[in-house]
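>>> sequence-free structure coming up:
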């Protein structure tokens, strides 16, 4: 069960760094609604606060000649009127531009390369709309002041211009934040284009540093210039001016730094959270790529890495199904041809009458029977710590004690043989099989060519186990072992066997002392 702070829950609930942006799989309709609400709220809020700060600084804080009554009255009418008109124009213009650029989202199709670039550039284009509207305010209020009271024109022009830079910088960061889900959909199939990376994280950081520190300093310099021009500014008035500008500078610097830092931290945090899941072994992890700078390349690089890990694990799993997990580990740690002498136990199992089965039954039924047969074989061998080294038509060779060391390899092979004989008789009576078990020294290792390897065991015990399985087909229980294996096993397993005859099996010169289960 996932805890509230678990990485899985964080990625699921806040894939874009904030719950305000919703989940990654939200519907198009919900995404549109969320985007419209956030962008409208951010636009109106930032411009309203910016306009109020500019008005207070220009009218009540900065030194200079007092505004004339008719100028105050004129501004009291024009400023609110221009604000509402500009906000209405900006909202309509921005909404139309956003819908046109992101039309591919509503059409529920991947973005083309041109649409991807346009989507990533959308925050800048939306901010330019606000810049144009603020420049209109600069021109209108400066001209108005020049006509009515020229000595205050510089104060009004510079204050409104500085307010434009700060407000538009904050608006850009908030717009980029709101558009993360759309950017993620644009970047789902490709990383950020190189043409956007050229003016990426470094340029953006330098720009916002300049806005956060340079513009407030320019305001203080303006206050000093105006105080020099007016000449009779009192120390109390100058102190108030400096305190007010200092508060604005600190607030502006804090806000820009926080928003800029969050824009950097969000993609890095998503990668860090996903890396935690990878470290816990959860490879089925993918994060949305929602940043158009180098950080977006970092997110895309993580997804490629995770995909490569999943592919490697899938190959390893498939490889293990063919040769066994222990052999996979051996292949990964050693790339040398050759082998070493090892004491192992060998179990060989072979179906009785497989030729008749193939003739009398349809091929699909034969395959189904073989799969059921091998399922029981693999299950019992795995239970005892061995691995099936080969499938040869209707027979299987299982090895205990290689490539990994196995305590009581002979006893485990004998136990597997007994359980296998029991299960085949109970679960697959239509397919009887002979089972032979023995133990001895073999050469275990990789054989073949540098281009094609195979792990195998070679030696007399392998041949002996195959011959014992042939003998087992004609005896009750269909199971025969060698006394060598019984003698090498632990007493608990050895007590389950009794000696039998001595026979010389085909292909061997030395006789084999047989053992049968009690």
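Arrived safely, thanks for sending. Just so we're clear, the structure is a prediction, and the values are computed from it rather than from any experiment.

>>> quick one: classify the residue most central in space within the chain as helix, strand or coil.
For the chain, residue 286 is the residue whose C-alpha lies nearest the centre (C-alpha atoms, centre = their mean; 2.8 Å). Of the three states, residue 286 takes coil under DSSP: H, G, I helix; E, B strand; the rest coil.

>>> so the residue nearest to it when sequence neighbours are not counted, which state does it fall into?
Closest residue in space to residue 286, ignoring its immediate chain neighbours: residue 303 at 5.4 Å, by C-beta to C-beta, 6 or more residues apart in numbering. Every C-beta, even on glycine, is put in place using the N, C-alpha and C of the backbone. Under three-state DSSP, the three-state class of residue 303 is helix.

>>> now the one 3 residues further on
Secondary structure of residue 306, reduced to three states by three-state DSSP: helix.

>>> pLDDT weak spots in the stretch 1-150 of the chain?
Within the stretch 1-150 of the chain, the stretches with pLDDT under 70 are 1-10, 62-75.

>>> so where do the strands sit in this structure?
Along the chain, counting by DSSP state E, strands occupy 338-351, 387-392, 395-400, 433-449, 452-458, 479-482, 497-503, 512-517.

>>> which stretch in those is the model least sure about?
If those are sorted by mean pLDDT, strand 452-458 sits at the bottom with a mean of 80.

>>> coming back round to it: my read: the residue nearest to residue 286 touches residue 288, true?
No. Contact criterion C-beta atoms under 8 Å: residue 303 and residue 288 do not qualify, at 9.1 Å.

>>> tell me which of these two has more neighbours.
Each of residue 303 and residue 288 has its neighbours counted (other C-beta atoms under 10 Å); residue 288 has more, 23 against 19.

>>> which ones are touching that one?
Contacts for residue 288 (C-beta atoms under 8 Å, 6 or more residues apart in numbering) come out as 15-16, 24, 180-181, 184, 187-188, 270, 299.

>>> let's see it at 10 Å
11, 15-17, 21, 23-24, 180-181, 183-185, 187-188, 267, 270, 299, 303 (C-beta atoms under 10 Å, 6 or more residues apart in numbering).

>>> for residue 36, same thing?
91, 94-95, 98-99, 178.

>>> show me which of those residues are buried.
The neighbour count (16 or more other C-beta atoms under 10 Å) marks 91, 94, 98, 178 as buried among the contacts of residue 36.

>>> my guess is residue 252 meets residue 211, correct?
Yes. Counting by C-beta atoms under 10 Å, residue 252 touches residue 211, with 8.2 Å between them.

>>> and residue 315, how close does it get to residue 388?
20 Å (C-beta to C-beta, to the nearest Å).

>>> tell me which of these two has more neighbours.
The neighbour comparison of residue 315 against residue 388 (other C-beta under 10 Å) goes to residue 388, with 18 against 11.

>>> bridging residues for the more buried one?
residue 398 (DSSP bridges).

>>> now do the contacts for it.
Applying C-beta under 10 Å, 6+ apart, we find residue 388 in contact with 323-324, 347, 349, 374, 377-378, 381-382, 396-399.

>>> just to revisit the earlier point, from memory the residue nearest to residue 286 sits against residue 275, does it?
No. The pair residue 303 / residue 275 is not scored as a contact, 11.9 Å apart, by C-beta under 10 Å.

>>> please identify every residue contacting each of these two.
In contact with both residue 303 and residue 275: 285, 287, using C-beta under 10 Å, 6+ apart.

>>> so what sits against both of residue 303 and residue 288?
Here residue 303 and residue 288 have 187-188 as joint contacts, going by C-beta under 10 Å, 6+ apart.

>>> of residue 252 and residue 211, which one has the most company?
Neighbour count, other C-beta under 10 Å: between residue 252 and residue 211, residue 252 has more, with 25 against 21.

>>> leaving out the residues flanking it, which one is nearest to the more buried one?
residue 166 (5.4 Å).

>>> model confidence at the one you found, what's the number?
pLDDT, residue 166: 85.

>>> neighbours around it, how many?
25.

>>> quick one: it and residue 499, what's the gap?
Taken as C-beta to C-beta, the span from residue 166 to residue 499 is 97 Å.

>>> same question, residue 292
79 Å.

>>> neighbour count winner among the two?
Counted by other C-beta under 10 Å, residue 292 and residue 499 do not tie: residue 292 has more neighbours, with 30 against 11.

>>> just list the residues touching the nearest residue to that one once chain neighbours are set aside, thanks.
Setting aside the residues directly before and after it, residue 292 is nearest to residue 120 in space (C-beta to C-beta, 6+ apart), at 4.0 Å. By C-beta under 10 Å, 6+ apart, the residues touching residue 120 are 101, 111, 176, 179, 182-183, 186-187, 192-193, 195-196, 290-293, 296.

>>> among those, which ones are buried?
For the contacts of residue 120, buried by 16+ other C-beta under 10 Å: 101, 111, 176, 179, 182-183, 186-187, 192-193, 196, 290-293, 296.

>>> and of the residues you listed, the nearest to residue 405?
Taking C-beta to C-beta as the measure, residue 405 lies nearest residue 296 of these, at 49.3 Å.

>>> pLDDT of the longest helix along the chain, averaged?
The helix that spans the most residues within the chain, counting by DSSP state H, is helix 235-279. Per-residue pLDDT over helix 235-279 has a mean of 81.

>>> name the helices or strands packed onto it?
helix 7-13, helix 28-56, helix 153-178, helix 180-186, helix 201-230, helix 294-323 (3 or more C-beta pairs under 10 Å, 6 or more residues apart in numbering; DSSP states H and E).

>>> now those helices as CSV including distance to residue 463?
Below are the helices and strands packed on helix 235-279 laid out as CSV (distance: least, C-beta to C-beta, whole Å):
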stretch, distance to residue 463
helix 7-13, 53
helix 28-56, 68
helix 153-178, 73
helix 180-186, 62
helix 201-230, 68
helix 294-323, 21
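
>>> can you check which of the ones you listed gets nearest to residue 84?
Among these, helix 28-56 sits nearest to residue 84 (C-beta to C-beta), with 10.2 Å.

>>> count the neighbours of residue 142 for me.
Neighbours of residue 142 (other C-beta under 10 Å): 19.

>>> what distance do you get for it to residue 47?
Using C-beta to C-beta, residue 142 is found at 19 Å from residue 47.

>>> could you do residue 114 as well?
30 Å.

>>> which one of those two is surrounded by more residues?
A count of neighbours by other C-beta under 10 Å puts residue 47 above the other of residue 114 and residue 47, at 24 against 9.

>>> the closest residue in space to residue 167 that isn't next to it in sequence: neighbouring residues, count only.
In space, and not counting its chain neighbours, residue 167 is closest to residue 50: 3.3 Å by C-beta to C-beta, 6+ apart. When counting by other C-beta under 10 Å, one arrives at 23 neighbours for residue 50.

>>> wait, what's in contact with residue 50?
Neighbouring residues of residue 50 by C-beta under 10 Å, 6+ apart: 130, 134, 160, 162-168, 170-171, 252.

>>> kindly report the same for residue 171.
Counted by C-beta under 10 Å, 6+ apart, residue 171 has contacts 39, 42-43, 45-47, 50, 90, 123, 126-127, 129-131, 134.

>>> show the buried residues in those.
Buried among the contacts of residue 171 (16+ other C-beta under 10 Å): 39, 42-43, 46-47, 50, 90, 123, 126-127, 129-131, 134.

>>> which of those residues lies closest to residue 432?
Comparing these against residue 432 with C-beta to C-beta places residue 123 closest, at 74.1 Å.

>>> didn't that closest one look like it was pressed against residue 169?
No. The pair residue 123 / residue 169 is not scored as a contact, 11.4 Å apart, by C-beta under 10 Å.

>>> correct me if wrong: residue 40 contacts residue 94.
Yes. Contact criterion C-beta under 10 Å: residue 40 and residue 94 qualify, at 8.6 Å.

>>> please name the nearest non-neighbouring residue to residue 240.
residue 61 (7.2 Å).

>>> tally of neighbours for the one you found?
With other C-beta under 10 Å as criterion, residue 61 counts 19.

>>> quick check: it vs residue 486, distance?
From residue 61 to residue 486 the distance is 101 Å (C-beta to C-beta).
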